[in-house]
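In: Any chance you can model this:
(one chain, ligands or ions: 2)
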Amino acid sequence: MQNDLERVLFDEATIHGRLDELAAEISAEYHDRELTVIAILNGSLIFMADLLRRIPLPLKLDCLSVASYHGGVETSGEVFFRQVALPDIEGRHVLLLDDILDSGGTITAIREKLSTAAPRSVRICVLLQKKKTRRRPVDADYVGFEIEDEFVVGYGLDYMERYRNLSCIGVLRKELITP
Ligand code: IMP
Ligand code: MG
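Out: Ligands and ions are numbered 1, 2, ... in the order given. The predicted structure is shown next:
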């Protein structure tokens, strides 16, 4: 798998070091609040597991499964919710976790949908944020790393469902991407 990378952006130690900082920030801000973490599947699974074990607060965890990519590298713009019922977040402080903020379509759609369930607050935490202009600007409250607008895989992120189990994050070799 590692041979399919053009270059490594963040190795495991670098990711874990940044998670220590993010977790400290989140723990300080939520220490007196009822926190519900909602992880967006499947991309945020590994990030979520490593981040939450660094947050020593009582919290609830839920997951949401959405699809927007359909296997390619370009977003379709449409977001499909795979479950009908939303998690019970009435009166809760919600922290949404996702792998990457690209066009922002996914996070925007999820935030709008969750706001119908009367949470006290909703904040957004992403591991990666691509530097680009977005049609609808989205402000993530916590960002692990800012990256250029390139297609990356590993540490939860996939190309056609592969590479999620790479322990580092890297840029996929262009010739492996089918147009
Ligand atoms: P959005 O364009 O911000 O809605 O991003 C939608 C989803 O596309 C993310 O949650 C990822 O699952 C996926 N995605 C966006 N950019 C990349 C990338 O560079 N590598 C792998 N997946 C990506
Ligand atoms: Mg994906």
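In: quick one: pLDDT of the residue nearest the centre of the chain?
Out: The structure's the chain has its C-alpha centroid closest to residue 98; by Cα atoms, centre = their mean the separation is 1.5 Å. Predicted confidence (pLDDT) at residue 98: the value is 97.
In: Likewise for residue 129?
Out: According to the predicted model, the pLDDT of residue 129 comes to 97.
In: and it, that one's in a strand?
Out: Yes. Residue state for residue 129 (DSSP: H, G, I helix; E, B strand; the rest coil) corresponds to a strand.
In: thought it was touching residue 145?
Out: Yes. The criterion here is Cβ atoms under 8 Å, and residue 129 meets it with residue 145 at 7.5 Å. Using the backbone N, CA and C atoms, a C-beta is placed for each residue, glycine as well.
In: quick one, which of the two is more surrounded?
Out: Under the neighbour definition other Cβ atoms under 10 Å, residue 129 and residue 145 were set side by side, and residue 129 has more, 20 against 16.
In: re the thing from before, tell me what the residue nearest to the centre of the chain is bridged to.
Out: In this structure, residue 98 has beta-bridge partners residue 126, where bridges are defined by DSSP bridges.
In: residues contacting it?
Out: When contacts are counted by Cβ atoms under 8 Å, 6 or more residues apart in numbering, residue 98 is found next to 39, 40, 43, 44, 106, 107, 124, 125, 126, 127.
In: What about these, which one has the most neighbours?
Out: So for the contacts of residue 98 (other Cβ under 10 Å), the most neighbours sit at residue 127, 31 neighbours.
In: how close does the nearest residue to it once chain neighbours are set aside get to residue 46?
Out: When the adjacent residues along the chain are set aside, residue 127 lies closest to residue 144, with 4.1 Å between them (Cβ to Cβ, 6 or more residues apart in numbering). Computed as Cβ to Cβ, to the nearest Å, the residue 144 to residue 46 distance reads 12 Å.
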